[in-house]
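[1] sequence and predicted structure, then a few things I'm wondering about:
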Amino acid sequence: MGDRSKPRRGSMGYSPRKRANRQYGRISSWPESDSAEIRVQGFAGWKAGMTHLLVRDNNPNSSSAQQEVRKAVTVVEAPPMSVLAVRGYRMTPYGMQTAGEAWFNSDSGPEGLSPRLANQSRGERDAEEGRKPSKRAGRIPSRGEGSPDAALEALREVDLCEVRLIVSTQPALVKSVSSKTPEIMEVALAGGDNASKLDWAEERLGGAITLDDVYETGQEIDVVGVTKGKGWQGAIKRWGIKLLSHKNSKRRRQGGNMGDFGTGYVRKTIRQAGQVGYHNRTELNKRILRVSNPEESDITPSGGFLNYGEVTNPYMIIQGSLPGPSKRILRFRDAIRPRPAKPEVDITYVSTSSKQGV
C-alpha cells in the first residue's frame, strides 16, 4: 500500500502484465475525423535506432526562441505497404461486426501477393515450397470463390458504419530484418462517407500506399509497439518494492506478506514476481521531424545502426524514444488526443557519426 511519504509504485492500470500475443502492436481504436479528403490513418515500419539532431526553435514564446536545440530522435524505416483487401463493418446491438470483405484477385496482380492455397495442409505447403515439412496439424481454411467486384457490390448494399483497409508489410524490401513473412493488419480510413471510401479503396486494391501518402513533416502521431522483453523478474525489479530488513532470516527481495490471514486466496493486487517487458504499449503525440528517403538525405550513420545496419527505404525521424529494441516493427496512427499545432520544423543538422563507440 502507498502512503504520504512513499507512494505506491507500479500502476495496476497495466495489469495483467503478460507477454504480448504478437511482435507488433495492437490498435483497438482509431480517431474520428470530419475531413472531406479520404486518407489512410495508419502505417507500419521497423525501428532502426536512435541519433540526435539540431533543430531551430521557432516558438516565439520559448526561452530558446530562434536558437538551435539538440533533440534525441528515433529513425524508423517504412517501405510501402500492400493493399490486400477492403473490409466493411455494420453496427449491431453488440457493437461493430464485420459485414464483408473484398480481397484483391492475386491472379492478375503483382508478384508477392499470392495467397496460400486453400484446403492444403501445412506439411504439403512446405514440401511444395521446398522447405522441411512442418509437423503441425490443421489445414488452411478455404476461401470462397468470387470476384472482388461482386464482393464490393455486396458491401455497397449493406448499411455500413465503417470501412477499413487490410494491408500487409513488405519485409522483403528491408535488408536488416531476418523474417520475410509479411504482417497483415488493419488500418482505418478517414474522411468522406462510406460509399466514397469503398470507391477510393477499390481504386487502390492490389496496389501500395507509401509513407508520403499517409504522414507529413511536423505531424503528431501515436506509436504502438511491443516493449523490450526482460523475462521473469522478481518483485523488487518488477514493482520497485522496498527491500526487507537485514534482520529477516529468510528473504529480502520479496514482499513482506501475501495479504490478510482470513482470505483463502492471494489477491491479484499483491505485488509478486512475473513477466517484465514485451508488453503492448502506446506512445501518444510523437512528432515527426522528417519524412524522407536515402536518395534525398542519407540517414545511416558510419558503420550502420547498432544491431540493425543500413536504412535503404523511405524513413521518418520521430522526436524522442519509441518502445522496443531495434528491428522491432512499430505501428502508427493519427493522434487520438491531438494537441494545438506547433511551429514548422527547421532542422539544421542531423548526426550521422558512428554509433559503434569509436
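    Done, it's in.

[2] next, the buried residues of whichever strand or helix holds Ala99.
    The secondary structure element spanning Ala99 is strand 95-103 (assigned by DSSP states H and E). If you call a residue buried by 16 or more other C-beta atoms under 10 Å, then strand 95-103 has these buried ones: Ala99, Gly100, Glu101, Ala102, Trp103. In short, each C-beta sits where N, CA and C put it, glycine included.

[3] helices of the stretch 1-150 of the chain, start to end?
    If you assign secondary structure with DSSP state H, counting those that start in this stretch, the helices in the stretch 1-150 of the chain sit at 122-128, 148-156.

[4] report pLDDT for Lys327.
    At Lys327 the predicted local distance difference test score is 96.

[5] isn't there a strand covering it?
    No - counting by DSSP: H, G, I helix; E, B strand; the rest coil, Lys327 is not found in a strand; it is coil.

[6] so it makes contact with Pro171?
    No - Lys327 lies out of contact with Pro171 (C-beta atoms under 8 Å); the separation is 10.2 Å.

[7] shared neighbours, those two?
    With contacts defined as C-beta atoms under 8 Å, 6 or more residues apart in numbering, the residues shared by Lys327 and Pro171 are Trp46, Val177.

[8] what mean pLDDT does stretch 346-358 get?
    Stretch 346-358 carries an average pLDDT of 88.

[9] mind listing what's buried along that stretch?
    By neighbour count with 16+ other C-beta under 10 Å, stretch 346-358 contains the buried residues Ile347, Val350, Lys355.

[10] please apply the same query to stretch 159-167.
    Within stretch 159-167, the residues that qualify as buried by neighbour count (16+ other C-beta under 10 Å) are Leu160, Glu162, Val163, Arg164, Leu165, Ile166, Val167.

[11] likewise stretch 302-311?
    Neighbour-count burial for stretch 302-311, counted by 16+ other C-beta under 10 Å, picks out Gly304, Phe305, Tyr308, Gly309, Glu310, Val311.

[12] ok, now stretch 171-179?
    Neighbour counts over stretch 171-179 (16+ other C-beta under 10 Å) mark Pro171, Val174, Ser176, Val177 as buried.

[13] which members of those are the farthest-apart pair?
    Distance extremes for the buried residues of stretch 171-179: the farthest pair is Pro171 and Ser176 at 9.7 Å, using C-beta to C-beta.

[14] where do the contact lists of those two overlap?
    Common contact partners of Pro171 and Ser176 (C-beta under 8 Å, 6+ apart): Trp46.

[15] hmm, Gly320 is touching Val76, no?
    No - with contacts defined as C-beta under 8 Å, Gly320 does not count as touching Val76, sitting 12.0 Å away.

[16] so if I had to pick from the two, which one is more boxed in?
    Under the neighbour definition other C-beta atoms under 10 Å, Gly320 and Val76 were set side by side, and Val76 has more, 25 against 15.

[17] and that one, what does it touch?
    Here Val76 is in contact with Gly45, Trp46, Lys47, Ala48, Tyr315, Met316, Ile317, Ile318, Leu322, Leu330 (C-beta under 8 Å, 6+ apart).

[18] let's see it at 7 Å
    Taking C-beta atoms under 7 Å, 6 or more residues apart in numbering as the criterion, Val76 is in contact with Gly45, Trp46, Lys47, Ala48, Tyr315, Met316, Ile318, Leu330.

[19] repeat that for Ser353.
    Contact criterion C-beta under 7 Å, 6+ apart gives Pro301, Ser302 as the residues in contact with Ser353.

[20] quick one: it and Glu37, what's the gap?
    For Ser353, the distance to Glu37 under the criterion C-beta to C-beta, to the nearest Å works out to 40 Å.

[21] buried residues, stretch 232-246. List them.
    Those buried within stretch 232-246 under the rule 16+ other C-beta under 10 Å are Ala235, Ile236, Arg238, Trp239, Ile241.

[22] hmm, who's touching stretch 159-170?
    Identification of contacts with stretch 159-170 by C-beta under 7 Å, 6+ apart yields 40, 44, 79-91, 96, 99, 182-189, 194, 197-198, 201, 209.

[23] quick check on those residues: which are buried?
    Burial by neighbour count, 16+ other C-beta under 10 Å: within those this picks out 40, 44, 79-89, 99, 182-183, 185, 187-189, 194, 197-198, 201, 209.

[24] I appreciate the help and will end here.
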